[in-house]
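Participant: have a look; sequence and predicted model below, questions after that.
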Amino acid sequence: MKRTLSDRINKVCKKYNVISFDIFDTLLKRDVLYPKDIFYFVEKLYKFQKQLTCFEFVNRRIKAEKVAKEKSDFEEVTLEEIYSEMNLDDLTKRSLMKLELEVERNFLIANAEIKKVFDYCKNNKKKIYITSDMYLPKWFIEKILADNGYNGYTKLFLSNEYRVTKKTGNLFKVFLESEGVDAKDVLHIGDSRYSDLFSPRKVGIRGYYIKRKQCNTLYLRKGIEKDIMEQTALYSFINNRISFIMDRNIRLGYEVLGPILWSYCGWLHKASLDSGAKIWFAARDMFCFKKAYEILYGEENNYNNFEYVYISRKSLRPLYASVTGNILNSCDIFPRDKYSISQIAKYMGYGIEDINNSGSVDIFEKKYIARNLIKYKELENILNSDKIIEAEKCKSSLAKQYLEKKGLFTQDIILADVGWHGTTQFILQKIQKELVGKERVCGYYLGDLEGTCKRVGKGNAHMLYFDENSNSMFSKGTMLFEALIAATHGTTISYRKYNGDIEPVLAKGNQVESCIAKIQEGALKFVKDYKESIIADFIDISPEFSMMAFEQLVEKPRREELDRLGRVVYDDNGQYMLAMPKSYIKYIFNPKQLLKDLKYAPWRIGFIYKLFKLRLPYGKIYKMLRNVSGKKA
């Protein structure tokens, strides 16, 4: 088992009685890529508070620090001395200094690995000192350390208090002389090669260097633009907090699924505010999204303008067939495949004994293209048996009552759903048009795979991540995504009357894999953490950023995710494991079986990856196979 950073440092700490720690990027991490990025948020906060459209702070603050150091007779300057070099009135200086401290406080978090080292030293009765070059006031540093669990150290040595720095080695001299300790007994830990490794050696102290940038994320690594503040701050926020999470699946949910929940819910909320429409979170795919929306906007909306609605193509089919006047219009809910009459009846909720049986063997052997049932006139008589007609009337009536109770016929509705083909919205619109004369449903989707806008009308569907014309890697992982957000309950089959009310009848729910439950837990934890952070006041999570980690998971999964998620069962008119190929040796002798298994694999890139076990550009390979087979990539 690979040893962690804290394990390696603790092993060295055993040899020393006195341990000294640096502060920034050692004991504490900032939620920004560079220290100067803090000034960017100070400027934004100040302009927001003062309602200013123009106030340049960042460059002035950087220049003021440089000038203060050049003028000073000491090795270190104070925050007050820095601000004295800014050409501002006293009130503005005080306001900005206060804001800088506030932003620093909110952007600082304990470094998880070094916190373990600190606690190890504390528990093993080591004498702990904190030695750092810093212009921020001592009282502020002491409070931040305490707030992040750093208590029990002997003394804090700050360069701005003693006016000498670690960089020159003089702060270490002050520390040794003041405390009367032998340099050979001291180990100093920090993130600067010069100030924390070479400078301590000048006075005989051993330095232990740790890398300033520690990548803790699993997939949120590539694609981050270092010159885009919003991306670097968000990455730092996730990277710093994910190190406290031990469970790999919770970590996966935190970085991969959490930003998607946030981004989508914010987009949806704005649409609801702008339109005044009620949000329907469609069961089952929007189970996690509704939970996230409650966390973010539940109190604000008082739960009156959004609801989790139990609808499915299957539960809406009888009413849709009724209002359109033909049971064969049920074809609009079917997957794209061929089925026998017995399979069609079963999908509609009936047995073979319920149909008008002509006795012809051909009826049972023939396969029908499910999406084209309307073209097979003989089916109308077969399906319109007395028993089915009566059952359809009852199912249709109950579905209508359920939708009426939820406001479909009296309110404008935002249908929140994953998307892909927009079938549910199409059915709801048809029902509305036939019963109340107008369509009042607008779909808000993650993406469109084929023909949604054409089916529901231009302007009636909006996509957050991709449309049918884009080549997004997200679109190659739609079934993997559905598995990650799976609800615990089954699909909505129909409706029933119970105690005078209409309620959904649900299929038996699949046992949600423990890894999926943990992934969802991590995703919702991210939503809570980000909501409580000051960064959320200034940076909304863009669609481009939010899907970065998921696209990396789709295209370049690690072995751990292939093993865990590959075994997860995906239910789509049959149960299939996400990515579980047979031995490639078997496929050598039976290539047709490979094409068949690949066709039905929900996570096809993962399937190829797990089959060949090599790091190759599987996204491109999959696209090539799609092109060879004549399908749109």
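Facilitator: Good, I have the coordinates.

Participant: what separation is there between residue 200 and residue 369?
Facilitator: Remark: distance between residue 200 and residue 369 (CB to CB, to the nearest Å) = 77 Å. For the C-beta atoms, the positions are set from N, CA and C on the backbone; glycine is no exception.

Participant: out of the two, which sits in the more crowded spot?
Facilitator: Set side by side, residue 200 and residue 369 show more neighbours around residue 200, with 26 against 14, by other CB atoms under 10 Å.

Participant: any idea which helix or strand comes after the helix or strand harbouring that one?
Facilitator: Using DSSP states H and E, the element containing residue 200 is helix 199-202. Per DSSP H and E, helix 199-202 leads on to strand 206-209 as the next helix or strand towards the C-terminus.

Participant: for that following strand, packing partners?
Facilitator: Judged by 3 or more CB pairs under 8 Å, 6 or more residues apart in numbering; DSSP states H and E, strand 206-209 is in contact with strand 186-190, helix 199-202.

Participant: swap the cut-off to 6 Å and go again
Facilitator: Secondary-structure packing of strand 206-209 (3 or more CB pairs under 6 Å, 6 or more residues apart in numbering; DSSP states H and E): strand 186-190.

Participant: what's the average pLDDT for the strand it packs on?
Facilitator: For strand 186-190, mean pLDDT is 98.

Participant: partners of that strand in the sheet?
Facilitator: Using DSSP bridges, strand 186-190 pairs in its sheet with strand 18-21 (parallel), strand 206-209 (parallel).

Participant: ok, and the closest non-adjacent residue to residue 506?
Facilitator: residue 490 (4.6 Å; CB to CB, 6 or more residues apart in numbering).

Participant: go ahead and confirm the one you found touches residue 508.
Facilitator: Yes: contact criterion CB atoms under 6 Å: residue 490 and residue 508 qualify, at 5.2 Å.

Participant: more neighbours, those two?
Facilitator: A direct count of neighbours by other CB under 10 Å for residue 490 and residue 508 places residue 490 higher, at 17 against 9.

Participant: so where does that one fall, helix or strand?
Facilitator: Using DSSP H and E, residue 490 falls within no helix or strand.

Participant: show me the contacts for it.
Facilitator: Contacts for residue 490 (CB atoms under 6 Å, 6 or more residues apart in numbering) come out as 506, 507, 508, 509.

Participant: how far away is the residue nearest to residue 506 from residue 284?
Facilitator: Relative to residue 284, residue 490 is positioned 8 Å away (CB to CB).

Participant: coming back round to it: among the contacts of residue 490, which ones are in strands?
Facilitator: Filtering those for membership in strands, criterion DSSP state E, returns residue 506.

Participant: quick check on the contacts of residue 490: which are buried?
Facilitator: Buried members of these, scored by 16 or more other CB atoms under 10 Å, are residue 506.

Participant: between the contacts of residue 490, which sits nearest residue 19?
Facilitator: Nearest to residue 19, judged by CB to CB, of the contacts of residue 490 is residue 509 at 52.5 Å.

Participant: ok so, going back, please work out which of the strands paired with strand 186-190 is packed deepest.
Facilitator: strand 18-21 (a mean of 26; mean count of other CB atoms under 10 Å).

Participant: can you pull out the residues in contact with that one?
Facilitator: Applying CB under 6 Å, 6+ apart, the set of residues contacting strand 18-21 is 13, 27, 121, 126-131, 181, 185-189.

Participant: now residue 504: phi and psi?
Facilitator: phi -80, psi 150 (degrees, to the nearest 10).

Participant: low-confidence stretches in the chain?
Facilitator: 1, 301-303, 358-363, 510-511, 572-574, 622-633 (pLDDT under 70).

Participant: can you say which helix or strand has residue 291 in it?
Facilitator: Using DSSP H and E, residue 291 maps to helix 287-301.

Participant: tabulate the strands paired with strand 186-190 (CSV), appending distance to residue 444.
Facilitator: Converted to CSV, these look like this (distance: least, CB to CB, whole Å):
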stretch, distance to residue 444
strand 18-21, 49
strand 206-209, 50
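
Participant: for residue 108, which of the ones you listed is the nearest?
Facilitator: strand 18-21 (14.7 Å).

Participant: what are the ranges of the helices in the stretch 201-350 of the chain?
Facilitator: Remark: helices assigned in the stretch 201-350 of the chain by DSSP state H, counting those that start in this stretch are 229-242, 248-252, 258-275, 287-301, 313-324, 341-347.

Participant: tell me which residues in the last one are buried?
Facilitator: Buried positions in helix 341-347, judged by neighbour count with 16+ other CB under 10 Å: 341, 343, 344, 345, 347.

Participant: cool, the longest one as well?
Facilitator: Along helix 258-275, these residues count as buried under the neighbour rule (16+ other CB under 10 Å): 258-269, 271-272.

Participant: ok, back up a step: between the contacts of residue 490, which sits nearest residue 92?
Facilitator: Nearest to residue 92 among the contacts of residue 490, counting by CB to CB, is residue 509 at 59.8 Å.

Participant: residue contacts, the closest one?
Facilitator: Neighbouring residues of residue 509 by CB under 6 Å, 6+ apart: 488, 489, 490.

Participant: OK, contacts around the second one?
Facilitator: Looking back up the chat, that one is residue 489. If you count contacts by CB under 6 Å, 6+ apart, then residue 489 has 506, 509 around it.

Participant: go again using 10 Å as the cut-off
Facilitator: Shown in contact with residue 489 (CB atoms under 10 Å, 6 or more residues apart in numbering): 283, 284, 287, 310, 504, 506, 507, 508, 509, 510, 512.

Participant: any figure for the gap between residue 120 and residue 110?
Facilitator: In terms of CB to CB, residue 120 sits 14 Å off from residue 110.

Participant: more crowded one of the two?
Facilitator: For residue 120 versus residue 110, neighbours defined as other CB under 10 Å are more numerous around residue 110 (21 against 17).

Participant: for the more buried one, grab phi and psi.
Facilitator: The phi and psi values for residue 110, taken as degrees, to the nearest 10, are phi -60, psi 140.

Participant: roughly how far does the spatially closest residue to it that is not a sequence neighbour sit from residue 25?
Facilitator: Distance criterion CB to CB, 6+ apart; nearest residue to residue 110, sequence neighbours excluded, is residue 148 at 4.1 Å. Using CB to CB, one obtains 14 Å as the distance from residue 148 to residue 25.

Participant: break down the stretch 301-450 of the chain into its strands, ranges please.
Facilitator: For the stretch 301-450 of the chain, the strands defined by DSSP state E, counting those that start in this stretch occupy 306-309, 338-339, 368-369, 413-420, 441-448.

Participant: make that the stretch 1-150 of the chain, sorry
Facilitator: Under DSSP E, counting those that start in this stretch, the stretch 1-150 of the chain gives strands at 18-21, 28-30, 108-110, 127-132.
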